[in-house]
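Asker: sequence and predicted structure, then a few things I'm wondering about:
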Amino acid sequence: MHSLKKHGIDKAFVDFAAIDSIITRLDPKKDKETKGAIVLETEMDRVKGCDLKPNWQLFTEKNYQLLKEHARCCKISLVRLLPRYDLIIVAVSVRGYKYAAIRALRNISRDGVPNKVLVIDAGESPSFQNHAVSLAMKIINTNLSDGKKPGGVIIKPMNIPDRFLLRPVNIPLEFIYWNQLFYTKE
């Protein structure tokens, strides 16, 4: 909410959501097959009382089984949410969440990124997450003022050194996105 006020954006134009492996791993409300792993701010009851750390090692176990399942659950959410919004900005620094969401988007859009989606390749630390949110606010502000839809791409913010975007060497090929044509620098 602070970022919205700082950038002069009316909350009526923005919904927030979280990508959450609690849904994929525990499915507390037994709704992951219908709602998927993305939790809108109005749906927080879906994860109430649960807390799991998104530890990257859990995503890599058993040949990346959790990462693959999380991507499948993210796709369920995105198929449900894409028709509802003019622009979706994915700004997440948790590696397992980011990789799963991008794979889900690529599964939906025949290995690209849907035109109404912009992904910010946030560095994997809280400070870079904050920058990604600020960048998202600037993009939203521009979108509201000029009506341009800056989607179909993944952008790497200028201020993120490559060392903060860890690229696992043994990750399955379907999760590699940083060498694709839709990947660009800010």
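Answerer: Yep, that arrived.
Asker: helix, strand, or coil at Ala136?
Answerer: Going by DSSP: H, G, I helix; E, B strand; the rest coil, the secondary structure assigned to Ala136 is helix.
Asker: who touches it in this structure?
Answerer: Taking C-beta atoms under 8 Å, 6 or more residues apart in numbering, we find Ala136 in contact with 3, 89, 91, 120. (Each C-beta comes from the backbone N, C-alpha and C, glycine too.)
Asker: how about a markdown table for those residues, with secondary structure added?
Answerer: Shown next, in a markdown table, are the contacts of Ala136 (three-state DSSP):
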| residue | secondary structure |
| --- | --- |
| Ser3 | helix |
| Ile89 | strand |
| Ala91 | strand |
| Ile120 | strand |
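Asker: how about CSV for these, with pLDDT, neighbour count and distance to Leu165 added?
Answerer: As requested, the contacts of Ala136 are exported to CSV (pLDDT from 0 to 100; neighbours: other C-beta atoms under 10 Å; distance: C-beta to C-beta, whole Å):
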residue, pLDDT, neighbour count, distance to Leu165
Ser3, 80, 15, 22
Ile89, 95, 21, 18
Ala91, 94, 22, 14
Ile120, 96, 27, 11
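Asker: in this protein, which residue is most central in space?
Answerer: Val90 (3.9 Å; C-alpha atoms, centre = their mean).
Asker: against Gly96, how distant is that residue?
Answerer: According to C-beta to C-beta, to the nearest Å, Val90 and Gly96 sit 14 Å apart.
Asker: pLDDT at the closest residue in space to Pro157 that isn't next to it in sequence, what is it?
Answerer: Counting by C-beta to C-beta, 6 or more residues apart in numbering, Pro157 lies nearest to Glu186, which is 4.9 Å off, once chain neighbours are set aside. pLDDT for Glu186: 80.
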